[in-house]
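Colleague: The following block contains a protein sequence and its predicted model.
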Amino acid sequence: MVVRDWMSSPVVTVDPTTTASAALKLMFQRKVHRVPVIDEHGKLVGIVTRATLLELDTPSTSTFVGSVMTPAPFTTHPLAPIEQAAARMRDLRVGALPVLDGGRLVGIVTESDIFDAFLELLGVGHGSTVTVEMTDVTRDLARILDAVTADEVPLNGVTSLRHRGSTFAILSVKEKDRRALAAALAKTGLAHTQTHVEP
């Protein structure tokens, strides 16, 4: 998955001469928490957040975005892996990254977009997930897939996750296939837990 698949585009923007009150009004109208700041040449020069504007004593018509924006914000590329963007946002402690392609603003990826990508990766909203702890990823994943194939259990998706020294396979199935998957996995002898998502 790449940033392009999850970013918001087209992007709501303001320019440095936009007043703080106008920018705040725009953010509430468009239901966004931050907007890139673009100069008269279409170049990204900053980013301003709703929180920053709300911290002003009075987001007035005499305060301009250019004076309160974060200049030269960190950016990402539309073909960057989404996990790379997520790691960068975490490391930089920022809530969004403008997306530039050839120096042109083409989108913005936010914490909400990262969260949506994570939920999609786990198959949330598409049935149930079953998590299996693996000690030998190659061998155990082969056992899991052999068991699922032998029992003809249709999967929505498979991913893996490493957490606190353990590695897990996460299998997503339609709700109607949840029990069949659990039965197939029981034959592997690997410990697994089920997450019931849909009624």
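Modeller: Yep, that arrived.
Colleague: From what I see, residue 151 and residue 184 are in contact.
Modeller: Yes. Residue 151 is in contact with residue 184 according to CB atoms under 8 Å; the separation is 4.0 Å. Every C-beta, even on glycine, is put in place using the N, C-alpha and C of the backbone.
Colleague: So if I had to pick from the two, which one is more boxed in?
Modeller: The residue with the greater number of neighbours, taking residue 151 and residue 184 and applying other CB atoms under 10 Å, is residue 184; the counts read 22 against 14.
Colleague: And the average pLDDT for the helix or strand harbouring that one is what?
Modeller: In this structure, residue 184 is located in helix 178-186 according to DSSP states H and E. pLDDT averaged over helix 178-186 equals 89, rounded to a whole number.
Colleague: following that helix, which helix or strand comes up?
Modeller: Helix 178-186 is succeeded, C-terminally, by strand 192-195 (DSSP H and E).
Colleague: partners of that next one in the sheet?
Modeller: strand 128-134 (antiparallel) (DSSP bridges).
Colleague: Give me the distance between the strand it pairs with and the centre of its chain.
Modeller: Counting by CA atoms, centre = their mean, to the nearest Å, strand 128-134 is centred 21 Å from the centre of its parent chain.
Colleague: after it, next one along is what?
Modeller: On the C-terminal side of strand 128-134, the nearest following helix or strand under DSSP H and E is helix 137-150.
Colleague: What residues of that following helix count as buried?
Modeller: When neighbours are counted by 16 or more other CB atoms under 10 Å, the buried residues of helix 137-150 are found to be 140-141, 143-145, 147-148.
Colleague: for stretch 113-120, same thing?
Modeller: The neighbour-count criterion (16+ other CB under 10 Å) identifies 113-114, 117, 120 as the buried residues of stretch 113-120.
Colleague: can you check stretch 164-184 too?
Modeller: 167-174, 177-178, 181-182, 184.
Colleague: Would you mind pulling the contact partners of that stretch?
Modeller: Contacts of stretch 164-184 from elsewhere in the structure, counted by CB atoms under 8 Å, 6 or more residues apart in numbering, are 122-123, 126-135, 137, 140-141, 144, 147-148, 150-151, 153-162, 185, 192, 194, 196-199.
Colleague: And those, which of them are buried?
Modeller: Judged by neighbour count, with 16+ other CB under 10 Å as the criterion, the buried members of the contacts of stretch 164-184 are 122-123, 126-130, 132, 134, 140-141, 144, 147-148, 153, 155, 185, 192, 194, 197.
Colleague: Can you tell me the element the most centrally placed residue in the chain falls in?
Modeller: Closest residue to the average C-alpha location of the chain: residue 114 at 1.0 Å, with CA atoms, centre = their mean. Assigning secondary structure by DSSP H and E places residue 114 in helix 111-122.
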